[in-house]
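Visitor: Quick one, what's the 3D model for this:
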Amino acid sequence: MTDKSAETASNDLEDIVAEADTGARAPKDSFSRNVLWFVPLFWSVYQLWIASPLPYLIGVGVLNDTQTRAIHLGFAVFLAFLAFPAFKNSPRNYIPILTWAVAIIAAVSCSYLWWDYRGVADRTGVPNTMDLIMAGVGLVLLLEAARRSLGFPLMGVAIFFMSYVFFGSWDGLPDVVRWKGASFEKAMSHLMLTTEGVYGVALGVSSGFVFLFVLFGALLNQAGAGNYFLQLAFAALGHLRGGPAKAAVIASAATGLISGSSIANVVTTGTFTIPLMKKVGFSPTKAGAIEVSSSINGVLTPPVMGAVAFLMTEYVGISYVEVVKTAIIPAAISYIALVYIVHLEALKSGMKGTSTTNNVTFLLGAIFIIAISIVIGGGTLFLLGFIVDFFEATFGGAATPLLIVLLAVAYIAAVWYASKGPDLNTDLDTMQHLPPVGVIFKTGIHYLLPILLLMYMLMIERKSPGLSAFWSAIVMLVILMTQNPLKAFFRGQGELSRHIKDGWENLTEGLVVGARNMIGLAAAMGVAGIIVGSVTLTGVGQVMAEFVEFLSGGNLLAMLFFVALISIILGMGLPTTANYIVVSSLMAGVVVELGAQAGLIVPLVAVHMFVFYFGIMADVTPPVGLASFAAAAISKGDPLKTGFQAFFYSIRTALLPFLFIFNTDLLLIDVGPVQAIFVFIVALIAMLLFAAGTMNYFIVKSRLWESAVLLLVAFTLFRPGFFLNMVAPEFDTRPADQVYQMAQDAPEGSSLQVRLTGENLEGQQVDAKYLLPLGSKGADGQDRLLDNAGIAFRDEGGAYLVDDLAFGGPAENLGIDFDWELKELEVPADRPPKELFYIPALLILGIIVLLQRRRLAIADADEKEAASAAA
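Guide: Next up is the predicted model:
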């Protein structure tokens, strides 16, 4: 490639990222450039200020949640108009006067709840003319800001739901979806003047948590951590068969921690990985697809999960640690399976590496390294916890400053160690001749400190995500400011003032980039609030449940399939967080309700994980998958073919949600530490066998029946209870009159599984199963149910009817209503353990292994004989 063509390709990639993330406008006049630099800088400083304890310590700048959300949105829409041109042919080298005017109006109207908060609060429910004007203008301009920064899909979905809000009473609509409609005043009050719509949970998470994590990632990347992780992955895996592709998977997993955008992830790592993948024999389509699949997987990986982890804590009502625990096994086995798929592609293509590692050795080595990494990481966090506890017990109030000094000493020591070697290069040629892993590792060991601090505060100290990200970002600011001056000092290079100036420039640039990365995301959160507010105002969620029930004919698997399909369609073209908000608002309740009617009780977090996974699948699904277009721009392959290939590689990801709906052990729900390790090992083996079955290659190229058997074994390992349920029922029934005795005898923290029948508010008959939480022991059965599940029953001639429901309690939230009849209770049946079915599955797998190893031995013998004859 010539220098000119390389420069053109680089510019094209920068345009893709700019259009999708930071804004494609690059004005030439100094005033506009300064505005697009200083406003994002002020936004970042504002977000750090409200996250810090300083406002409360000095009593200045204290704002409530609604006000902070309004200011947050005001910054976002102002920058969306200035940074993103309205159309493809709109000017990029200057900002039109009209755009300036609209941007200011948008900022003023969207931040209205900040600057007239008291007035709006006093007029709740009876807005005046100014309230309605500001609400209407703000809503329209918010939609336009989202269109500019994210494209039409999200805006189109929001307009569709708003049309239903205003015109849902139209006589031409079927009776099943028609509702009474809303006036402009009622709609604006709900969507723009309360926390039920735009300024609701989603924008609160964006303002309180997400911005800080995106900023942390931008600062980490600005410091050089992205390049550091990339080169570590290449040094560790580059010598294997298809090494660049394996490195791409691992590097994308690492950069997924610091990048809030799958497109930016593709471009950051793909610029290096895709050309090297092509060089070792991967086609442009497969090279791009591997990078896309790797980058998308980063969104599924804790601790951030594309900011969905924080939204899930709010929507599901569980702790952040519980969300991370739930997501860890599916994400881990999905990534390992992708590495294995890459390995199988390399074997199928006859690629060679400098290492002679065979199939089994490679897998065992990869699993061993991952296990050791988890153990070391977990051990380090617990060691930090022990040190902190020791300091607090020994030094009392002086412990905090001493720990800060200890952290500073550790940082300075890490930079000193890094200064002993040269800094990492970033050109493509260097990636093919990297030094050993140990040499690269020491150059950026100080980047691990803020990541460890973040994980320690989240997982050990159980601090809020916002506070954890705030302190981690502060540490990153210190690193950006000091790492180069310290290295120059330790190397005796002099020119400290120049390095300090460079550090200051890196710091401010990181703050600016972090804020610009948030423009589209914050706008998406606001528009998602429109959709959520429309759902709560109209009750359309119930309509969706009836629609899916009609399509599926009451069949549970068909219902899940249609929910998955609708989630993919709804997710097309939407950013990750907006995607999750939309699909969870519409579809999570559908799965819970229809699953209960089919006799399947699914924990709410499993349902949210299900719709989240399929919403993410939209990111790779043609024709919208923007990440595929970015990868194709690098690989020079066909974007649609790249998207379809990436979708094929991601089938393993699409399989997981169906599995953990039926086997919640995969989400570590009610699973102990020893069982968790067992679940991980079995699920990993099953996923690798699934990958081998779909790739039609195991030890050697598989015959068709062998692939089918591998898929059957994988299914059995994933869901052994499927076959056991055929021969022994999962539950025994107990009569309704035992409800209070069973509630009293149940162990602490357990639930009571009941079957209820009755008529819902729409006049439909319901026959479904529910889990009623029982909490701690100590009370009698009746009090225990009322206190923890919010439900009580009365005996009417032997029939037990719902007599009391606590407002907003668990039972009411499950959709249970007054006078429903308790038909029966269910308890786990006394039957053999489902894991017995692992034995025949593994025996069948052993037969496949023997057959394929025999074919491999014959092939090796024939190859040696042919080589000998040729010699």
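Visitor: what does the domain assignment say about the chain?
Guide: 22-195, 731-828 (automatic domain parsing).
Visitor: Would you single out the least confident of the ones you listed?
Guide: Mean pLDDT per stretch puts domain 731-828 lowest among these, at a mean of 86.
Visitor: Distance from the chain centre to it, please.
Guide: On the basis of C-alpha atoms, centre = their mean, to the nearest Å, domain 731-828 sits 34 Å off its chain's mean C-alpha point.
Visitor: mind checking the end-to-end distance for that domain?
Guide: 5 Å (C-alpha to C-alpha, to the nearest Å).
Visitor: Check stretch 620-627 too.
Guide: End to end - C-alpha to C-alpha - stretch 620-627 spans 7 Å.
Visitor: just to revisit the earlier point, turn the domains of the chain into CSV, including distance to Ala866 and mean neighbour count.
Guide: (Glycine included, C-beta is placed from N, CA and C.) As requested, the domains of the chain are exported to CSV (distance: least, C-beta to C-beta, whole Å; neighbours: other C-beta atoms under 10 Å):
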stretch, distance to Ala866, mean neighbour count
domain 22-195, 56, 18
domain 731-828, 60, 16
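Visitor: Let me know which of those domains is the nearest to Tyr315.
Guide: domain 731-828 (12.2 Å; C-beta to C-beta).
Visitor: thinking again about what came up before, out of the domains of the chain, the one nearest Glu706 is which?
Guide: domain 731-828 (36.5 Å).
Visitor: The domains of the chain: which one's closest to Val548?
Guide: For Val548, the closest of those is domain 22-195, at 12.5 Å, according to C-beta to C-beta.
Visitor: re earlier: could the domains of the chain be laid out in a markdown table, adding distance to Thr664?
Guide: Output for these, formatted as a markdown table (distance: least, C-beta to C-beta, whole Å):
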| stretch | distance to Thr664 |
| --- | --- |
| domain 22-195 | 30 |
| domain 731-828 | 12 |
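Visitor: closest one to Lys501 among these?
Guide: Here domain 22-195 is closest among the domains of the chain (C-beta to C-beta), at 16.8 Å.
Visitor: before we move on, the earlier item: indicate which one of the domains of the chain is closest to Asn579.
Guide: Closest among the domains of the chain, using C-beta to C-beta: domain 22-195, at 8.8 Å.
Visitor: before we move on, back to that, among the domains of the chain, which comes closest to Pro465?
Guide: domain 22-195 (10.3 Å).
Visitor: Could you give the separation of that closest one from the chain centroid?
Guide: The answer for domain 22-195 is 24 Å, by C-alpha atoms, centre = their mean.
Visitor: roughly how far out does stretch 627-640 sit from the chain middle?
Guide: 23 Å.
Visitor: Is Glu812 part of a helix or strand, or is it coil?
Guide: Under DSSP: H, G, I helix; E, B strand; the rest coil, Glu812 falls in the helix class.
Visitor: Please name the residues that touch the spatially most central residue of the chain.
Guide: By C-alpha atoms, centre = their mean, the chain has its centre lying nearest to Met305, at 2.6 Å. Residues in contact with Met305 (C-beta atoms under 8 Å, 6 or more residues apart in numbering) are Val299, Met312, Val323, Ala327, Phe612.
Visitor: I'd like the distance between the first one and Ser650.
Guide: Taking C-beta to C-beta, to the nearest Å as the measure, Val299 and Ser650 are separated by 12 Å.
Visitor: Please say which of these two ends up with more neighbours.
Guide: Each of Val299 and Ser650 has its neighbours counted (other C-beta atoms under 10 Å); Val299 has more, 27 against 24.
Visitor: Can you say which helix or strand has the more buried one in it?
Guide: In this assignment (DSSP states H and E), Val299 forms part of helix 284-300.
Visitor: What's the mean pLDDT across that helix?
Guide: In this model, helix 284-300 has an average pLDDT of 83.
Visitor: related to what we said a few turns ago, any chance of the contacts of Met305 in CSV, plus secondary structure?
Guide: CSV is the format used below for these (three-state DSSP):
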residue, secondary structure
Val299, helix
Met312, helix
Val323, helix
Ala327, helix
Phe612, helix
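Visitor: and the least confident of the residues you listed?
Guide: Lowest pLDDT within the contacts of Met305 is found at Val299 (74).
Visitor: For burial, what's the neighbour tally of Asp670?
Guide: Neighbour number of Asp670 under other C-beta under 10 Å is 12.
Visitor: actually Ser534, not the one I typed
Guide: Using other C-beta under 10 Å, Ser534 has 26 neighbouring residues.
Visitor: From Met192, how far out is it?
Guide: Relative to Met192, and taking C-beta to C-beta, Ser534 is found at 12 Å.
Visitor: swap in Val60?
Guide: Val60 is 29 Å from Met192, by C-beta to C-beta.
Visitor: all strands of the stretch 601-750 of the chain, in order?
Guide: All strands of the stretch 601-750 of the chain, identified by DSSP state E, counting those that start in this stretch, fall at 731-735.
Visitor: all helices of it, in order?
Guide: 604-617, 626-635, 639-649, 651-662, 673-695, 704-718, 721-727, 739-745 (DSSP state H, counting those that start in this stretch).
Visitor: what do you get for the stretch 201-350 of the chain?
Guide: Under DSSP H, counting those that start in this stretch, the stretch 201-350 of the chain gives helices at 201-205, 211-223, 225-237, 243-255, 262-279, 284-300, 308-316, 320-348.
Visitor: now for the ones you listed, which one comes closest to Ala158?
Guide: Between Ala158 and these, the tightest spacing by C-beta to C-beta is seen for helix 201-205, at 12.5 Å.
Visitor: What is the burial count for Ile404?
Guide: When neighbours are counted by other C-beta under 10 Å, Ile404 comes out with 10.
Visitor: Pop out the phi and psi values for the nearest residue to Asp803 once chain neighbours are set aside.
Guide: Using C-beta to C-beta, 6 or more residues apart in numbering and skipping the chain neighbours, the partner closest in space to Asp803 is Arg794 (3.8 Å). Backbone torsions of Arg794, given as degrees, to the nearest 10, read phi -120, psi 150.
Visitor: Name whatever forms a beta bridge with Arg794.
Guide: Legend: beta-bridge partners of Arg794 under DSSP bridges are Leu801.
Visitor: For Leu786, which non-adjacent residue is closest in space?
Guide: Ala792 (5.0 Å).
Visitor: Between the two ends of stretch 143-160, what distance do you get?
Guide: Counting by C-alpha to C-alpha, you get 12 Å between the two ends of stretch 143-160.
Visitor: Please name the residues that touch the residue nearest to Asp803.
Guide: Contacts of Arg794 by C-beta under 8 Å, 6+ apart are Tyr800, Leu801, Asp803.
Visitor: Relative to Ala245, which of those residues is nearest.
Guide: Of the contacts of Arg794, the one sitting nearest to Ala245 (C-beta to C-beta) turns out to be Tyr800, at 60.6 Å.
Visitor: From what I see, Glu185 and Asn128 are in contact.
Guide: No. Counting by C-beta atoms under 8 Å, Glu185 stays clear of Asn128, with 10.3 Å between them.
Visitor: Output the helices of the stretch 601-750 of the chain in JSON lines; the columns should cover distance to Ala51.
Guide: Below are the helices of the stretch 601-750 of the chain laid out as JSON lines (distance: least, C-beta to C-beta, whole Å):
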{"stretch": "helix 604-617", "distance to Ala51": "26"}
{"stretch": "helix 626-635", "distance to Ala51": "30"}
{"stretch": "helix 639-649", "distance to Ala51": "36"}
{"stretch": "helix 651-662", "distance to Ala51": "33"}
{"stretch": "helix 673-695", "distance to Ala51": "33"}
{"stretch": "helix 704-718", "distance to Ala51": "41"}
{"stretch": "helix 721-727", "distance to Ala51": "45"}
{"stretch": "helix 739-745", "distance to Ala51": "43"}
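Visitor: right, so of those helices, which gets closest to Met476?
Guide: Once the helices of the stretch 601-750 of the chain are compared by C-beta to C-beta, helix 626-635 is nearest, at 26.1 Å.
Visitor: Which neighbouring elements make contact with the closest one?
Guide: helix 3-17, helix 262-279, helix 284-300, helix 639-649 (3 or more C-beta pairs under 8 Å, 6 or more residues apart in numbering; DSSP states H and E).
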